[in-house]
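1. Sequence plus predicted model, see below.
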Amino acid sequence: MKPVLKLDGCSYEAAKYAVEHWHYSGRMLTSKAVKIGVWENDVFIGCVIFSRGANNHIGRPYALAQTEVCELTRVALTTHQTPVSRIISIAIRLLKSASPGLRLIVSYADEQSQGHHGGVYQSGNWLYVGQSQAQRGVIVNGAGMHKRTASRLFGTIEGLEKSDVLWKHKYLYALDETLRRKLESLRQPYPKRTLANKAT
């Protein structure tokens, strides 16, 4: 029997619990965010979070203002029955309804450290545009972290160990047909799951 699925806004505390317990980063966002809770049969199973992300110029490559673009920054779920792609699709509909003027969502799949190739985005027909710009991050508690994120959390990156060069698979989801057609020329073939991939 399929579970009864519900998505709705959730509190900061609920989102923080989900991220700290069910997301590989274990870190809640410090920036302003839209937090959408997920329930199956009235049991809280996690959240989907959209925010401005770490990139202060996220809309520039697509000639969009910062207010027209956001990033899907966390999908933090415990054991569940509903496919993640369906949960994300419903979360996007709620986000679009609550955010007039928003035109584009950007998300990343971390193959280097997490084995993610973006299968949930491929299932949702997101546009794959290749790898993000490679850059060197820092090491915090044994894990790689973006320099801007570390600087925002700690006030400085002085003294932190430099990580290997970091990159991620980059996906786009246009919220209107005009932008979707405009971005179509950027489409690249979806990356395939490899034996080294641990998850989607």
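-> In hand now; what should we look at?
2. Tell me the buried residues in whichever strand or helix holds residue 120?
-> When elements are assigned from DSSP states H and E, residue 120 belongs to helix 119-123. Neighbour counts over helix 119-123 (16 or more other CB atoms under 10 Å) mark 119, 120, 121, 122 as buried. Where C-beta positions appear, they are placed from N, C-alpha and C, glycine not excepted.
3. Run through the neighbouring helices and strands of the helix ranked longest in the chain.
-> Looking across the chain with DSSP state H, the single longest helix is helix 84-98. Counting contacts by 3 or more CB pairs under 8 Å, 6 or more residues apart in numbering; DSSP states H and E, helix 84-98 is packed against strand 5-9, strand 33-40, strand 43-51, strand 69-77, helix 119-123.
4. Can you tell me which of these is nearest to residue 137?
-> strand 69-77 (16.0 Å; CB to CB).
5. strands paired with that closest one, and their directions?
-> Strand 69-77 has these partner strands in its sheet, going by DSSP bridges: strand 43-51 (antiparallel), strand 104-109 (parallel).
6. now the ones you listed in CSV, with mean neighbour count and distance to residue 80?
-> Below are the strands paired with strand 69-77 laid out as CSV (neighbours: other CB atoms under 10 Å; distance: least, CB to CB, whole Å):
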stretch, mean neighbour count, distance to residue 80
strand 43-51, 22, 5
strand 104-109, 22, 19
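7. Among those, which comes closest to residue 91?
-> Residue 91 sits nearest to strand 43-51 of all the strands paired with strand 69-77, at 4.0 Å, using CB to CB.
8. how about the helices and strands packed on helix 84-98 in TSV, adding distance to residue 180?
-> Shown next, in TSV, are the helices and strands packed on helix 84-98 (distance: least, CB to CB, whole Å):
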stretch	distance to residue 180
strand 5-9	23
strand 33-40	21
strand 43-51	18
strand 69-77	14
helix 119-123	15
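9. could I get these as a markdown table with distance to residue 158 and mean pLDDT?
-> Output for those, formatted as a markdown table (distance: least, CB to CB, whole Å; pLDDT from 0 to 100):
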| stretch | distance to residue 158 | mean pLDDT |
| --- | --- | --- |
| strand 5-9 | 38 | 97 |
| strand 33-40 | 28 | 97 |
| strand 43-51 | 26 | 97 |
| strand 69-77 | 26 | 96 |
| helix 119-123 | 36 | 92 |
